[in-house]
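Peer 1: how would this look folded up:
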Amino acid sequence: MQNTKIVRQNTEIEIQDSILLVGLPGVGHVGKLVVDHLIEQFEAEKLLEIYSTSFPPQVLVDENSTVRLVSNAFYTFQVNGKDILLLAGDQQSTSSEGHYELCDLYLDIAEEYGVSRIFTLGGFPTGQLDHVDEVLGAVNQEDLTESLKEHGVTFKEKEPNGGIVGASGLILGLSKFRDINAACLMGYTSGYLVDPKSAQSLLAVLSSILDIEVDISELEERAKEMEKIVANLVEAKQQQQQQQMLPETPTDEDLGYIG
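Peer 2: Take a look at the predicted model:
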């Protein structure tokens, strides 16, 4: 891949039989919130960075007005004797071709680190602002469903109806050709806003699957802030609907018939 550059940060860490969690930007940023939270909570080490012309042509500016190129990265931490690999970052590809090329690269790296199972994390848009405390699943091997149901993952026939777009779906499909078991876990979200409450629901299920304890207090605080924003949006919408239902104020012409 001539248009993609890998910059390795740490080549001394030995990782075997690991689990990969993928949380790139997407609907409600649900998966990204979960993976970013795990990176911070477990002080995950960065293994490598990926730069690609498939990403948007931009740089990001930090608090010191210093810029950096858009990139994605692999991190790792160990908990309860388990090696956890994480794919996080700024963007997904802007093209279909780029999606396939990058997802193949992600899987090359996954195989390099001995990944035995993959969980892609994302959001399932409902179009409604009311929170639904549920996690929808999809798998690349049918026999994975029963074990995931035991941890609270729900499966609905032919859902998501429009399929799973982006890295969360492609990695799921492409990993089947590499004999890697994979599942996509999706928190229900409106699809309109960054959704830390949906990330909480997803993280609770993921913690059960991985048998790890995670402090979610920071996500809870962000969820409370978002609930206030949602409440204000709902109130504004209700007021707008009420105004639309009010009768129009009569004009002088309308009152002309009164004697």
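Peer 1: In the helix or strand encompassing residue 32, which residues are buried?
Peer 2: Under the criterion of DSSP states H and E, residue 32 resides in helix 30-41. Buried positions in helix 30-41, judged by neighbour count with 16 or more other CB atoms under 10 Å: 30-39, 41. In short, each C-beta sits where N, CA and C put it, glycine included.
Peer 1: same check, this time on stretch 140-147
Peer 2: Going by neighbour count (16+ other CB under 10 Å), the buried part of stretch 140-147 is 140, 144.
Peer 1: From the rest of the structure, what touches it?
Peer 2: 137, 139, 153, 155, 172-173, 175-176, 181-183 (CB atoms under 8 Å, 6 or more residues apart in numbering).
Peer 1: quick one: which of the residues you listed sit in helices?
Peer 2: Secondary structure from DSSP state H places 172-173 of the contacts of stretch 140-147 in helices.
Peer 1: Please identify which of the contacts of stretch 140-147 is nearest to residue 224.
Peer 2: Closest to residue 224 out of these is residue 153 (25.8 Å), distances taken as CB to CB.
Peer 1: Helices of the stretch 101-250 of the chain, start to end?
Peer 2: Taking DSSP state H, counting those that start in this stretch as the test, the helices found in the stretch 101-250 of the chain are 145-149, 167-174, 196-210, 217-245.
Peer 1: ok so, going back, and the angle from the helix holding residue 32 to helix 217-245?
Peer 2: Between the axes of helix 30-41 and helix 217-245, defined by axes from the mean of the first three to the mean of the last three CA atoms, to 10 degrees, the angle is 150 degrees.
Peer 1: what about dumping the CA coordinates of helix 30-41 to PDB?
Peer 2: Output of helix 30-41 as PDB, limited to C-alpha atoms (Å, rounded to 0.1, in the frame of the first residue of the first chain):
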ATOM      1  CA  VAL A  30     -20.100   5.000  20.400                       C
ATOM      2  CA  GLY A  31     -17.300   2.600  19.600                       C
ATOM      3  CA  LYS A  32     -14.700   5.400  19.600                       C
ATOM      4  CA  LEU A  33     -15.800   6.500  23.100                       C
ATOM      5  CA  VAL A  34     -15.500   3.000  24.400                       C
ATOM      6  CA  VAL A  35     -12.100   2.300  23.000                       C
ATOM      7  CA  ASP A  36     -10.700   5.700  23.900                       C
ATOM      8  CA  HIS A  37     -12.000   5.200  27.500                       C
ATOM      9  CA  LEU A  38     -10.300   1.800  27.800                       C
ATOM     10  CA  ILE A  39      -7.000   3.300  26.400                       C
ATOM     11  CA  GLU A  40      -7.100   6.000  29.200                       C
ATOM     12  CA  GLN A  41      -8.300   3.700  32.000                       C
END
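Peer 1: Which among the helices of the stretch 101-250 of the chain is found nearest to residue 78?
Peer 2: It's helix 196-210; of the helices of the stretch 101-250 of the chain, that one is closest to residue 78 (CB to CB) at 11.9 Å.
Peer 1: Show me what the closest one is in contact with.
Peer 2: 19, 21, 28-31, 33-34, 37-38, 79, 82, 84, 119, 121, 123, 131, 133-135, 148, 151-153, 185-189, 213-214, 216, 219-220, 222-223, 226-227.
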